[in-house]
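Enquirer: the following comprises the amino acid sequence and a computationally predicted model.
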Amino acid sequence: MATRYYSFVENEYYHIYNRGNSKQEIFRSDNDYSRFKATLYLANSTEPFVLRDIEEEDIFVTMRDEPLVHIGTYCLMPNHFHLLITPAKEKGVSVFMNKLGTSYSAYFNRKYDRTGSLFEGSYKAKFIESDRYLKYLFAYIHLNPFRSDRMHGSGVSKSTLSQYPHSSLPDYLGQHRAEKGIINPERFPQYFTTASSHAAELFEWLDYSEK
């Protein structure tokens, strides 16, 4: 799960995404989502990790070594995921994504007694060229569950979007939960000074998309 010949530069921003092989589901249960979020946190370190050695309630307070990347936002959907990141170290993105993909794929294949590639080839990485596009991505990534609901009837409506548990949106809206340790908003431009301003911006995009 590595993108070859892609140059990631510290202090720049990237949209990382991938989906299941042949568009298959990569999350089949709440436990799968939880496992991926735990791996997002623990794999983001220069040191190796063994998830099974950590108690579930301790995962997001486990001390880590230096981070490989800084994660600004994320969203997990049944057959794909999105990350907004900036490198913390040279080659940090590649190392992090390899650890993330290898660990989660091994878990998924073992759990569901399957073999072969879980993901559709190498992860995709898009360099964010402008401040305007970077700000837009905060909305684009967090609106994924709502857009999916409109296409597939996934059960996420405008009124319940803020409660979607498998993205970083609840953290930006001031909800207190352990998973907040996954993201590092301080490493990204502070477009939203309060939870209410973030919500207002998000729903402005949402209202625009419905027109």
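Expert: Here it is on my side, so go on. Numbers count the residues shown, from 1 in each chain.
Enquirer: now residue 171: which helix or strand?
Expert: In the assignment (DSSP states H and E), residue 171 maps to helix 169-172.
Enquirer: centre of the chain to that helix, how far?
Expert: Taking the mean C-alpha point of helix 169-172 and that of its whole chain, the gap between them comes to 12 Å (C-alpha atoms, centre = their mean, to the nearest Å).
Enquirer: mean confidence for that helix?
Expert: Mean per-residue pLDDT for helix 169-172: 93.
Enquirer: helix or strand right after that helix?
Expert: That would be, after helix 169-172 and using DSSP H and E, helix 195-209.
Enquirer: so residue 158, which state does it fall into?
Expert: With DSSP: H, G, I helix; E, B strand; the rest coil as the basis, residue 158 sits in coil.
Enquirer: thought residue 199 was touching it, still the case?
Expert: No - with contact defined as C-beta atoms under 8 Å, residue 158 does not reach residue 199; the gap is 11.6 Å. Using the backbone N, CA and C atoms, a C-beta is placed for each residue, glycine as well.
Enquirer: those two: who's more crowded?
Expert: More neighbours surround residue 199 than the other of residue 158 and residue 199, with 17 against 14 (other C-beta atoms under 10 Å).
Enquirer: list phi and psi for the residue nearest in space to the middle of the chain.
Expert: The geometric centre of the chain, computed from its C-alpha atoms, lies nearest to residue 74 (C-alpha atoms, centre = their mean), at 2.7 Å. Main-chain dihedrals, residue 74, degrees, to the nearest 10: phi -150, psi 160.
Enquirer: what pLDDT is listed against residue 26?
Expert: 97.
Enquirer: show me the contacts for it.
Expert: Going by C-beta atoms under 8 Å, 6 or more residues apart in numbering, residue 26 touches 19-20, 32, 36, 78-81, 104, 108, 118-119.
Enquirer: same thing but 6 Å
Expert: By C-beta atoms under 6 Å, 6 or more residues apart in numbering, residue 26 lies in contact with 20, 79.
Enquirer: same question for residue 184.
Expert: So residue 184 contacts residue 70 (C-beta under 6 Å, 6+ apart).
Enquirer: residues near residue 111, how many?
Expert: Count around residue 111 with other C-beta under 10 Å applied: 13.
Enquirer: likewise for residue 165?
Expert: 15.
Enquirer: mind checking which helix or strand of the protein has the lowest mean pLDDT?
Expert: helix 144-152 (a mean of 63; mean pLDDT, DSSP states H and E).
Enquirer: now stretch 89-108, how far from the centre of its chain.
Expert: 13 Å.
Enquirer: who touches it?
Expert: 1-2, 8, 35-36, 39, 43-44, 68-69, 87, 118, 123.
Enquirer: could you dump the residues you listed to a markdown table with neighbour count and pLDDT?
Expert: Putting those into a markdown table (neighbours: other C-beta atoms under 10 Å; pLDDT from 0 to 100) gives the following:
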| residue | neighbour count | pLDDT |
| --- | --- | --- |
| 1 | 18 | 40 |
| 2 | 13 | 41 |
| 8 | 21 | 91 |
| 35 | 18 | 94 |
| 36 | 20 | 96 |
| 39 | 21 | 95 |
| 43 | 23 | 94 |
| 44 | 26 | 96 |
| 68 | 25 | 97 |
| 69 | 27 | 97 |
| 87 | 21 | 97 |
| 118 | 21 | 96 |
| 123 | 22 | 93 |
